[in-house]
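> A structural model of the following input is requested.
(3 chains)
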Amino acid sequence: MSDLLLDDLNPQQNLAVTAGDGQILVLAGPGSGKTRVLTRRLAYLIERQNVPSYDIIAVTFTNKAASEMENRVTNLVQRNLEGIWLGTFHAMCARLLRREAAALPFNSNFVIFDSDDQQTLVKRAMRDLKIDEKIHRPVSVHAAISALKNDLLSPAEAPTRSYREEVVARVYARYEDMLRLNNAVDFDDLLFWGAKLLRENPALREKYAMRFRHVLVDEFQDTNLAQYELLKHLSSYHKNIFVVGDEDQSIYRWRGADYRNVLRFEKDFPDCEKILLEQNYRSTQVILDAARCVINQNHNRTPKHLFSDRGQGNKIVKYEAVDDRAEANFVVDTIAGYLGGKKAKASDFAVMYRTNAQSRLIEEAFMHAGIPYHLVGAQRFYGRREVKDIICFLRLVENPSDEVSLQRVIAVPPRGIGEKTLANLQFAAAQAGKSSGDALLDLGRQVDRSEFWPSIGRSAGLLSDFGAMLAGWVDSKAQLSLVSLFDRVLTDVGYESYVNDNTDEGEDRWENVQELRRLATDFQDRGLTEFLQNLALVSDQDTLKDEETDSQRDASSVTLLTLHAAKGLEFRQVFIVGLDEGILPHSRSRDDPEEMAEERRLFYVGITRAKDQLYLVRAERRSTFGDVDYGEPSRFLADIDDSLILNQGKRSASRRASYEADMTWGPAYNTSSRAPRRVTFTSPQAKSSRYKAGMRVRSASWGEGIVLESKIEADGEETVDVHFESVGFKRVIASLANLEIVE
DNA sequence: TCGCCAAGACTTTTT
DNA sequence: GTCTTGGCGA
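Alright, predicted model coming up:
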């Protein structure tokens, strides 16, 4: 009898999916079917073990992973997962905190502050405490506070061994007070209070621990201490906890993630069953071998031997460009070659880099070449000013005590309320022990009969007008649907004419507002609270980026993304650029071995995204805002066995002899077959070069330029190096580029 | 109070 | 090279 649930699993996967009760630790190498195991396990519990979905909690890190899991499992079991808790750590905690708000220092309709809001709040706390922002940068103070929360330390428990720590602790305390006054929590609070609630409240702990017979966790290596403790509490009664992860792919240390939680798990649950998934279904063996060369240099991990039945595959192409522009051109030209030869489609390719700043040159090169591309997770939709404005209006309606939102929108669009007036309002409100929002509402409703009217003076009328508007929204939010409320806010404040000045940017801004409105329509039946929570907890990759990338993928475009954003994805051909000391590994990790190990894992994650072909690219010289710097090749390159690499590019010190190979343009030789597999272009074999150094040429895409060099390759193709006025150096295939000789 | 302009900072990754 | 911040004038 065929078994749709188990038939197509390999022995290890099967072992994991059908494991009995208890603690199961699945260490899943990249491409080893981790998601599959997790979804099948869930389906197996429900279908085969008759566990009611109500008894299960399954946590992930991204909304994308959560909804993917939900879809897959729903498909497998052919019914809805009633009562299940399935979602991100943050969303699950938010649910817990709203339910149990009675035991917490905030109300159940708390708002979630995003990193922008957190930043503003830290700054305000520091100003209140008269701490010099030049000496203690708010970003780093905030990072320190965040780290304390991740370690479950309250302001009172924060260490004060140094002056710096003492400053952080003081700001932390003030910051917390302000959050509470705003009835707000930050990202870290969700986990912090979730863990604290269960730790300090035995009755509640028992309530949830008894309910959740099974706890399942994805990306376990990315958990921080708060998350780890939360999981321990949740599984403290039935002790059935199934975690899937890979220490080697832990790349969020800076956010408090501690891959050593994997080791901690083994120590805390000595009876746990440990299952290794080592068969890789994604990459060729060459790619896996290279990945192993890189990751084996790290310690404190469970060694894994990834293997593939996909064959050896092509060698990895290493390309050293003269500068960052040439680096980008190499990537784009190579892809153009495939696309021109119809050997691949644009969506087969991804270009990965360490920092977002690196994407610019690459984007430019793609633009010039007319190849469609899209960015993953770069500029954040919801960090856009206009989007944030609207969100803050809505948050204010939801929770008038939200001072951060109030301050942001009280003068949007400008309505004569400035710093002075705002300060008056805040002072008057504080005198009465109320929030500015409440005072504002009172002014709006009572106008000059309001208790606040006399103490504010001249500008009370302006405040009252705005207050009346706000009161109108608050009063009607129960009757109005979410979208109607949305529209009403827009009309009342005259937002369209404010942002849309009919320039391109204006249109763009208004388009973003419309996009947000579309998002709101999805939440019609769930209401404002859920909409706002979702906006705060949904990462940018998750929301409309998804729709955007989906539609753009159909249109077939190359994916540009950071190495961090690449985790969990796969592409036929992957370019990793910027393999230079200081970039990858990043200069900031130079002095810390742990950080360096993480850079290595980041590279490892990048390598293992490639299914068929990997390109490792660097530039000898690159410009960092104006200045040009000469860099050393990344130390990670040296770790990869020479036999796996094919050198291309300007200069390959160790490989001067194979000059021919250096000049090869196009896909690498296939190591497993004798005949070089190379894209052949449509042109007839050229016997002598048509273009000569010094010639002036014109190309359709790049305009005019000067030929630097031209030569005939082994395959008969003529490659021409041209310096274009518009884009600088380019190496093109004559038969493809259609260069016109200018007299 | 608001909008413009110039100087300065800043580039690691983001649930 | 780009975004943010702060100062200054209207």
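
> centre of the chain to stretch A:464-482, how far?
Offset of stretch A:464-482 from its chain centre (C-alpha atoms, centre = their mean, to the nearest Å): 35 Å.

> check which residues of that stretch are buried.
A:464-474, A:477, A:481-482 (16 or more other C-beta atoms under 10 Å). All C-beta spots, glycine's among them, are computed from the backbone N, C-alpha and C.

> and the residues you listed, which of them are in helices?
A:Ser464, A:Asp465, A:Phe466, A:Gly467, A:Ala468, A:Met469, A:Leu470, A:Ala471, A:Gly472, A:Trp473, A:Val474, A:Leu482 (DSSP state H).

> which element is A:Val244 on?
strand A:241-245 (DSSP states H and E).

> helices or strands next to that strand in the packing?
Contact analysis of strand A:241-245 by 3 or more C-beta pairs under 8 Å, 6 or more residues apart in numbering; DSSP states H and E lists strand A:23-28, helix A:34-47, strand A:214-217 as its packing neighbours.

> how about residues contacting the first one?
If you take C-beta atoms under 8 Å, 6 or more residues apart in numbering as the criterion, strand A:23-28 is touched by A:16, A:34, A:37, A:220, A:235, A:239-247, A:262, A:265-266, A:269, A:271-277, A:302, A:304.

> try it again at 7 Å.
A:16, A:34, A:37, A:239, A:241-246, A:265-266, A:269, A:271-277, A:302, A:304 (C-beta atoms under 7 Å, 6 or more residues apart in numbering).

> just to revisit the earlier point, wait, which of the ones in helices among the buried residues of stretch A:464-482 is closest to A:Ala566?
Distances from those to A:Ala566 were compared by C-beta to C-beta; the smallest belongs to A:Leu482, at 34.6 Å.

> next, the buried residues of the one helix or strand A:Trp193 maps to.
With secondary structure defined by DSSP H and E, A:Trp193 is part of helix A:187-200. Neighbour-count burial for helix A:187-200 flags A:Phe187, A:Asp188, A:Asp189, A:Leu190, A:Leu191, A:Phe192, A:Trp193, A:Gly194, A:Ala195, A:Lys196, A:Leu197, A:Leu198 (criterion: 16+ other C-beta under 10 Å).

> if we can go back for a sec, and the buried ones among the contacts of strand A:23-28, selectable in PyMOL?
Per 16+ other C-beta under 10 Å, the buried members of the contacts of strand A:23-28 correspond to this PyMOL selection:
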select buried, chain A and resi 16+34+37+239+241+242+243+244+245+246+265+269+272+275+276+277+304
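
> quick check: next helix or strand after the worst-scoring helix or strand of chain A on mean pLDDT?
Across the helices and strands of chain A, mean confidence by mean pLDDT, DSSP states H and E is lowest for helix A:659-663: a mean of 33. Once helix A:659-663 ends, the next helix or strand along the chain (criterion: DSSP H and E) is strand A:696-699.

> quickly run through the sheet partners of that next one, with directions.
Applying DSSP bridges, strand A:696-699 is found paired with strand A:703-712 (antiparallel), strand A:740-742 (antiparallel).

> and these: which comes nearest A:Asp21?
That would be strand A:703-712 among the strands paired with strand A:696-699, by C-beta to C-beta, at 67.9 Å.

> what lies in contact with the closest one?
Against strand A:703-712 from outside (C-beta under 7 Å, 6+ apart): A:686, A:689, A:691-698, A:718-726, A:742.

> show me what secondary structure element comes after it.
On the C-terminal side of strand A:703-712, the closest following helix or strand by DSSP H and E is strand A:718-724.

> give the rounded mean pLDDT of that next one.
What strand A:718-724 shows for mean pLDDT is 74.

> what's the angle between that strand and strand A:703-712?
Following axes from the mean of the first three to the mean of the last three C-alpha atoms, to 10 degrees, one obtains 150 degrees for the angle between strand A:718-724 and strand A:703-712.

> list the buried ones in strand A:718-724?
So for strand A:718-724, counting by 16+ other C-beta under 10 Å, buried means A:Glu718, A:Thr719, A:Val720, A:Asp721, A:Val722, A:Phe724.

> ok, A:Leu306 to DNA strand B distance?
Separation of A:Leu306 from DNA strand B (C-beta to the nearest atom of the strand, to the nearest Å): 24 Å.

> err, A:Lys123, not the other one
A:Lys123 is 13 Å from DNA strand B, by C-beta to the nearest atom of the strand.

> now render the buried residues of stretch A:464-482 as a markdown table, adding distance to DNA strand B.
What follows is the buried residues of stretch A:464-482, written out as a markdown table (distance: C-beta to the nearest atom of the strand, whole Å):
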| residue | distance to DNA strand B |
| --- | --- |
| A:Ser464 | 14 |
| A:Asp465 | 12 |
| A:Phe466 | 11 |
| A:Gly467 | 16 |
| A:Ala468 | 17 |
| A:Met469 | 15 |
| A:Leu470 | 16 |
| A:Ala471 | 20 |
| A:Gly472 | 20 |
| A:Trp473 | 20 |
| A:Val474 | 23 |
| A:Lys477 | 26 |
| A:Ser481 | 28 |
| A:Leu482 | 23 |
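
> how many neighbours does A:Met695 have?
Each residue near A:Met695 was counted by other C-beta atoms under 10 Å, and the total is 18.

> residues contacting it?
If you count contacts by C-beta under 7 Å, 6+ apart, A:Met695 has them with A:Val707, A:Ile741.

> what's the pLDDT at the residue in the stretch 201-350 of chain A that DNA strand B sits nearest to?
Here the stretch 201-350 of chain A gets closest to DNA strand B at one residue, A:Trp254, 3.7 Å apart by C-beta to the nearest atom of the strand. pLDDT, A:Trp254: 82.

> A:His233 too?
pLDDT, A:His233: 96.

> which residue packs closest to it, ignoring adjacent ones?
Once flanking residues are discounted, A:His233 sits nearest to A:Leu198: 3.8 Å by C-beta to C-beta, 6 or more residues apart in numbering.

> pretty sure that neighbour contacts A:Lys207?
No. A:Leu198 is not in contact with A:Lys207 according to C-beta atoms under 7 Å; the separation is 9.4 Å.
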